[in-house]
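In: I would like to see how this sequence folds:
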Amino acid sequence: MLIKMIITDVRAKAGWLYGETGRRAFIKALFTDGTFAMIVYRLMQSCRRRTLLRPAAMFWGKLNGWLGRCIIGRGANFGPGFVLIHSDGIVINTAVRGGSNVKLEHRVTIGAEKGVAPQLGDDVFVGAGAVIVGPVTIGNHTRIGANAVVTHDVPDGATAIGVPARIVRREEARNGN
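Out: Modelled structure (predicted):
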C-alpha cells in the first residue's frame, strides 16, 4: 500500500511536470525538488497508522522539516496523487484533509483557525505563496492563485485569486472527472 501510494504520487508529479507518466518521466520526477518531501510524508503517514511505529512518524516529520524544508502535521491526510511541486516553505496543519490529486507550489500555508482546519477536495491546485486558513472547504477541480489568502469556501470548479481571495472564474461541473 505504501509503495503503491508513493508510486501514484510520483507518477502524478511526472504527469504535471512533463505531461507524461512513463518510465523516463517517472525517474526524472523522482529526482526533482519536492519529491523527497512527498515520500517522507507518505512514510510518516504509514508509521502513524501503526501504534508501535508512531514515534517513527515524529522522526519522519522532523526529517521533512530539516531536509524537505516543509512542515506537514502528522495527522494531515491527502489522497493519492499528492504533489509538492516545490516543497520549500510549505506548512500544513495536522487537521487538514485533502482529496486525491492535490498539487501544491512552494511557500503554501494551509492552517487551522480556532482548531478548525481547511478541507480540500479532489483535483486542487494551490499556487505559490497562497494561504488557506480556518474552517473553509476548497471544492473539487479548483485553482487557488499565487499569494491568494483564502478565508471563505471556494466552490467546485472555481478559480480564486487575491487578498482576500475572490472567485474570478467558475467552470461547469464535470461529470465525474
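
In: From here on, just use CA atoms for contacts and neighbour counts.
Out: Will do.

In: any idea which helix or strand carries T159?
Out: Under the criterion of DSSP states H and E, T159 resides in strand 158-161.

In: Against the centre of this structure, work out the most remote residue.
Out: L52 (26.5 Å; CA atoms, centre = their mean).

In: who does the strand holding T159 pair up with?
Out: strand 142-144 (parallel), strand 166-170 (antiparallel) (DSSP bridges).

In: Just the C-alphas of it, formatted as CSV.
Out: The C-alpha coordinates for strand 158-161 follow below in CSV (Å, rounded to 0.1, in the frame of the first residue of the first chain):
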residue,chain,number,x,y,z
ALA,A,158,-13.7,27.8,-9.3
THR,A,159,-10.5,29.8,-9.5
ALA,A,160,-9.8,32.1,-6.6
ILE,A,161,-7.2,34.9,-6.5
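
In: quick one: average confidence on that strand?
Out: Averaging pLDDT along strand 158-161 gives 97.

In: neighbouring contacts of that strand?
Out: With contact meaning CA atoms under 8 Å, 6 or more residues apart in numbering, strand 158-161 is reached by 139, 141-150, 154, 166-171.

In: Filter those down to the buried ones, ChimeraX style.
Out: To isolate the buried members of the contacts of strand 158-161 in ChimeraX, using 16 or more other CA atoms under 10 Å:
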select :139,141,142,143,144,145,146,147,148,149,150,154,166,170
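
In: Only alpha carbons, please: show the helix or strand bottoming out on mean pLDDT in the chain as PDB.
Out: Here the helix or strand of the chain ranked lowest by mean pLDDT, DSSP states H and E is strand 166-170, holding a mean of 88. What follows is strand 166-170 as a C-alpha-only set of coordinates in PDB (Å, rounded to 0.1, in the frame of the first residue of the first chain):
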ATOM      1  CA  ARG A 166     -12.300  36.200  -4.600                       C
ATOM      2  CA  ILE A 167     -13.800  33.900  -7.200                       C
ATOM      3  CA  VAL A 168     -12.800  35.000 -10.700                       C
ATOM      4  CA  ARG A 169     -13.900  32.100 -12.800                       C
ATOM      5  CA  ARG A 170     -16.200  29.100 -12.400                       C
END
